[in-house]
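1. fold the following and give me the result.
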Amino acid sequence: MVHSYGYRAGTRNLFSKTFGTKGMPNQTRYLTQYKAGDYVNICADPAIQKSLPHKVYQGKTGIVWNVTPRALGVIVNKKHNGKVFKKRINVRVEHVRKSKCQDDLKARIATNAGLQKEKKKRSKRVPANQPRSACIIKKQKSIVDLRPEFFDPLKAYKV
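-> The predicted structure is shown next:
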């Protein structure tokens, strides 16, 4: 048979749903709010053919740059001939899901901010170029007297 070169060529398994997931998407897919700057995963839903992204973008993560009532503008990196291009594609909300790639980073930033606040509360700030307050220094170990040793060539070279 002749090989086809259509828009959806070679997507028999890529754009097919597994058992138990067939049918139209839930309402939560439509009610999810997106803002510019959000990270999203492009996951094509074969039940909706309108504005179905090309198979190249399946599973890619991008950043939302434009929001319309039914679709999103997403910036996605695309490799071609060893170069990476930033492509701006328009995809309907049925084919997009919020990405969790930034969750760990945001949680780490929040914990670090909390630790910084605690550190500021604990530490007393001393103005610059001010002498320290008087205190008694306790010795921890016995003091060793270090004196220079003179070099004696007769002791060094025993014959």
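
2. and Val56, what does it touch?
-> Applying C-beta atoms under 8 Å, 6 or more residues apart in numbering to Val56 gives the contacts Lys78. Where you see a C-beta, it was placed from the backbone N, CA and C, and this is true even at glycine.

3. secondary structure class for it?
-> Put simply, Val56 is helix when judged by DSSP: H, G, I helix; E, B strand; the rest coil.

4. same check, this time on Met24
-> Per three-state DSSP, Met24 ends up coil.

5. and it, how far from Val40?
-> 20 Å (C-beta to C-beta, to the nearest Å).

6. quick one: which of those two has more around it?
-> Legend: neighbour count by other C-beta atoms under 10 Å for Met24 and Val40, higher for Val40 (23 against 10).

7. what is the more buried one paired to in the beta sheet?
-> Using DSSP bridges, the beta-bridge partners of Val40 come out as Gly62, Lys98.

8. give me the element Ile75 is part of.
-> Using DSSP states H and E, Ile75 sits in strand 71-80.

9. distance-wise, check Cys43 relative to Thr32.
-> Distance from Cys43 to Thr32, by C-beta to C-beta: 13 Å.

10. could I get the pLDDT score of the residue positioned nearest the centre of the chain?
-> Nearest to the mean C-alpha position of the chain, by C-alpha atoms, centre = their mean, lies Gln102 at 4.7 Å. On pLDDT, Gln102 comes in at 92.

11. any idea how far Lys83 is from the closest residue to it other than its chain neighbours?
-> Of all residues not flanking Gln102 in the chain, Tyr39 sits nearest, at 5.5 Å (C-beta to C-beta, 6 or more residues apart in numbering). Distance of Tyr39 to Lys83, given as C-beta to C-beta: 23 Å.

12. look at these two and report which has more neighbours.
-> Each of Tyr39 and Lys83 has its neighbours counted (other C-beta under 10 Å); Tyr39 has more, 15 against 7.
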